[in-house]
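A.B. asks: The sequence isn't on hand, but the structure is:
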C-alpha cells in the first residue's frame, strides 16, 4: 500500500472501469482477432485499478484490516476469472486446481522470495512477527492439503475427484479455517499481523471517508469489468495456450499471475520500506483467501452447472508442495530472514514452473 495517493483519485483508475464495462457491452462477444489483445489490455488495467482502489480503502480502515481488504479484492478477481472461464469455454475440470496450486506456489515462493531478497538486499536482515507468519501457515497447510492432495486418496470418486458430499465437506472445512483465521487476525491477536515497529500509522495521510466510499464503488465496478471481460476472453486464452503447444495447466498459472500482479507490487514496495510483515500479510494472506473463499465459491458454481472439479495434483507435484511447506516453516520460524532464504524460495518457484513443462 506504499504507493497509493491518498488525496486524489488518479483519472485513469476512474476511466478504466468505465471503459471496461463499455468494452464488454460493445465488443465483449466479438470473438478473437486483434480485438482480443485490446480487451486483454483493458482487463489488466482494470485489475490494477481494482487493487489501487482497494489500497485506498485499506489505508482508510488501517492494519491489519487493510491487507485483508486487498486479499478479498484479489480473491474476487480470481474466483471471477475461474468461474467465467468455466462457464464460457470448453469444460476444463482442472482449471480451479491449476489456478489455486499456481497461486499457492507463486505466492509462497515467487512473491515471498522476491520480497525477502529485496528486504535483505536493502536492510541485510529483515524482521517480521513469527506469530503472524505461523498463523498463516497453520491454516494454509491444511487447506492446501485438503484441496490439492486429499482428493487423490479418497474412495468416494476415482482419480483426482471428490464426490459432491466430500467436496461440500472440504469447502465447509476451508470456510471454517478461514473464519477462524479472520477472528484471530482481526480480534484476539491483531498485534501478530502488525509490522515490526508499527505505531498506528505507516506514513500516509488517512483518506477521507468520502474518498474511501468513492474508491469502494470504483473497485466494485472494476471487479465487475474484470469478471465480464475474462468471460469474453476465456476461449481466446485457451486457444492461445493450445496453439503454442503448452500444457493446459499454464492457463491456471496465467490466471494466478494476473491476479497476483498488482498485489505483488504492493508487497515488494512494503519489503523495500523494511515492512516485511506487510509483505507477508499480502502474500500469504492472498493464498489463504484464495483457498478459503475461492474453492467454496467455485464449488457452488460447479455444482449448479453440473461440472465436476478435478482437484488432486500429481504425485510429483505433491512432493514439491510438501517440500515447499517444509521450507516455509523454516523460513518463517525465527522472525528474521536473509538473502539466502529468498534465493531458496525463488529456486523453488522456478522449479514449480519448470515441472509444469517437464512433468
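C.D. replies: Thanks, I have it. Only a predicted model underlies this, so the values are computations on that prediction, with no experimental measurement involved.
A.B. asks: now the residue lying farthest from the centre of the chain: how far from residue 322?
C.D. replies: Largest separation from the mean C-alpha position in the chain: residue 155, at 30.6 Å (C-alpha atoms, centre = their mean). From residue 155 across to residue 322, the span is 22 Å (C-beta to C-beta, to the nearest Å). (Each C-beta comes from the backbone N, C-alpha and C, glycine too.)
A.B. asks: just residue 37 next, same as before
C.D. replies: 39 Å.
A.B. asks: next one: residue 53
C.D. replies: In terms of C-beta to C-beta, residue 53 sits 38 Å off from residue 322.
A.B. asks: With residue 95 instead?
C.D. replies: 23 Å.
A.B. asks: Please say which of those two ends up with more neighbours.
C.D. replies: residue 95 (26 against 14; other C-beta atoms under 10 Å).
A.B. asks: show me the contacts for that one.
C.D. replies: Applying C-beta atoms under 8 Å, 6 or more residues apart in numbering to residue 95 gives the contacts 82, 85, 86, 251, 252, 255.
A.B. asks: any chance of the residues you listed in JSON lines, with distance to residue 128 and pLDDT too?
C.D. replies: Output for the contacts of residue 95, formatted as JSON lines (distance: C-beta to C-beta, whole Å; pLDDT from 0 to 100):
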{"residue": "82", "distance to residue 128": "31", "pLDDT": "77"}
{"residue": "85", "distance to residue 128": "35", "pLDDT": "71"}
{"residue": "86", "distance to residue 128": "37", "pLDDT": "71"}
{"residue": "251", "distance to residue 128": "33", "pLDDT": "81"}
{"residue": "252", "distance to residue 128": "29", "pLDDT": "81"}
{"residue": "255", "distance to residue 128": "28", "pLDDT": "79"}
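A.B. asks: So which residues of this protein form helices?
C.D. replies: With DSSP state H as the criterion, the chain has helices at 11-27, 34-61, 65-88, 95-105, 112-123, 130-144, 164-183, 209-243, 249-272, 276-289, 295-305, 315-331, 339-357.
A.B. asks: So what's the gap between the longest one and the chain middle?
C.D. replies: It stands for helix 209-243. 14 Å (C-alpha atoms, centre = their mean, to the nearest Å).
A.B. asks: That helix - contacts with which helices or strands?
C.D. replies: Using 3 or more C-beta pairs under 8 Å, 6 or more residues apart in numbering; DSSP states H and E, the elements in contact with helix 209-243 are helix 11-27, helix 34-61, helix 65-88, helix 249-272.
A.B. asks: How about the first one, which residues are buried there?
C.D. replies: By that I understand helix 11-27. The neighbour-count check on helix 11-27 (16 or more other C-beta atoms under 10 Å) flags 13, 14, 16, 17, 19, 20, 21, 23, 24, 27 as buried.
A.B. asks: What is the burial count for residue 244?
C.D. replies: Neighbour count for residue 244, taken as other C-beta under 10 Å: 7.
A.B. asks: and if you look at the one 4 residues further on?
C.D. replies: The burial count assigned to residue 248 is 15, neighbours taken as other C-beta under 10 Å.
A.B. asks: just the one 4 residues further on next, same as before
C.D. replies: One way to gauge burial is a neighbour count; for residue 252, by other C-beta under 10 Å, it gives 25.
A.B. asks: same check, this time on residue 237
C.D. replies: Neighbour number of residue 237 under other C-beta under 10 Å is 21.
A.B. asks: give me every residue that touches it.
C.D. replies: Here residue 237 is in contact with 85, 251, 254 (C-beta under 8 Å, 6+ apart).
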